[in-house]
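> What follows is a predicted structure for the sequence shown.
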Amino acid sequence: MHPHRTPAHLRSADGSPVRVLVVDDEPDLTEVLCGALSSEGWQVRSAADGAGALTLARTFRPHAVVLDWMLPDLDGLRVLHLLRQELETVCVLFLTARDSVEDRIAGITAGGDDYVTKPFSLEEVLARLRGLLRRAGMAREPDGDRLVVGDLVMDEEAREVIRGDELVELSRTEFELLRFLMRNPRRVLSKAQILDRVWSYDFGGRSHVVELYISYLRKKIDAGRTPMIHTVRGVGYVLKPESS
């Protein structure tokens, strides 16, 4: 059985907190993104337009930028081009409502490192940023791409989950839910917290969807084994290794 390890916060290569700049003109989205990024222990700043982002980037010197494709003054591609002139190695994650292959190729060809299509979950954005920063050598994490709780192991990069010696097949939402639980082992998470982080930021869903997906996970993770996913009545759910 693997020993329990709580995932440490990702840190920049020199050991200082990761710095992330969020650029989006939707105040509600910016607020939830900044809150989620700050909860990672990262330093976060935000701008509502391209000009503000470029001015802030010169002093803040972000390691990564979460950049909306459509801004009120400059489009995301133009902002990306100007950012690269100031910060050659900055990681850029595009937020885009556009879903065409042409737009995605244009963003990546222009120098964007990755993209997520709206609506997205906060866990997805965080995972993409962690991956970009690690691959660019700009940040490090003691456990690398693996989350380990008891005999449950998640390889975030390969998107594989193993319990004991058995590979567990999960849907995208099941994977994101389990990732959130595994990044917070032994911590009781409310249905509201889970909804906020695992479902899309504008989902507005009800708690029954959490109950439903917890039941799906239990069938795949706990079936025939000592349960790791526990219900705390009236509060939420907690993931604990068998020995806890």
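Yep, that arrived. Keep in mind the model is a prediction, meaning the values are calculated, not measured.
> Strands of the protein, start to end?
Using DSSP state E, the strands found in the chain span residues 11-12, 19-23, 43-47, 64-68, 91-96, 114-117, 139-140, 146-149, 152-155, 160-163, 166-168, 189-190, 229-232, 236-239.
> These into JSON lines, with extra columns for distance to Q85 and mean pLDDT?
Heads up, the C-betas are built off the backbone N, CA and C, glycines and all. Output for those, formatted as JSON lines (distance: least, Cβ to Cβ, whole Å; pLDDT from 0 to 100):
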{"stretch": "strand 11-12", "distance to Q85": "22", "mean pLDDT": "70"}
{"stretch": "strand 19-23", "distance to Q85": "15", "mean pLDDT": "96"}
{"stretch": "strand 43-47", "distance to Q85": "17", "mean pLDDT": "96"}
{"stretch": "strand 64-68", "distance to Q85": "13", "mean pLDDT": "94"}
{"stretch": "strand 91-96", "distance to Q85": "13", "mean pLDDT": "89"}
{"stretch": "strand 114-117", "distance to Q85": "20", "mean pLDDT": "83"}
{"stretch": "strand 139-140", "distance to Q85": "23", "mean pLDDT": "59"}
{"stretch": "strand 146-149", "distance to Q85": "36", "mean pLDDT": "87"}
{"stretch": "strand 152-155", "distance to Q85": "36", "mean pLDDT": "91"}
{"stretch": "strand 160-163", "distance to Q85": "39", "mean pLDDT": "93"}
{"stretch": "strand 166-168", "distance to Q85": "45", "mean pLDDT": "92"}
{"stretch": "strand 189-190", "distance to Q85": "42", "mean pLDDT": "92"}
{"stretch": "strand 229-232", "distance to Q85": "48", "mean pLDDT": "95"}
{"stretch": "strand 236-239", "distance to Q85": "45", "mean pLDDT": "95"}
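> Which one, of the ones you listed, ends up nearest to F175?
strand 160-163 (7.1 Å; Cβ to Cβ).
> Which positions in that closest one come out as buried?
161, 163 (16 or more other Cβ atoms under 10 Å).
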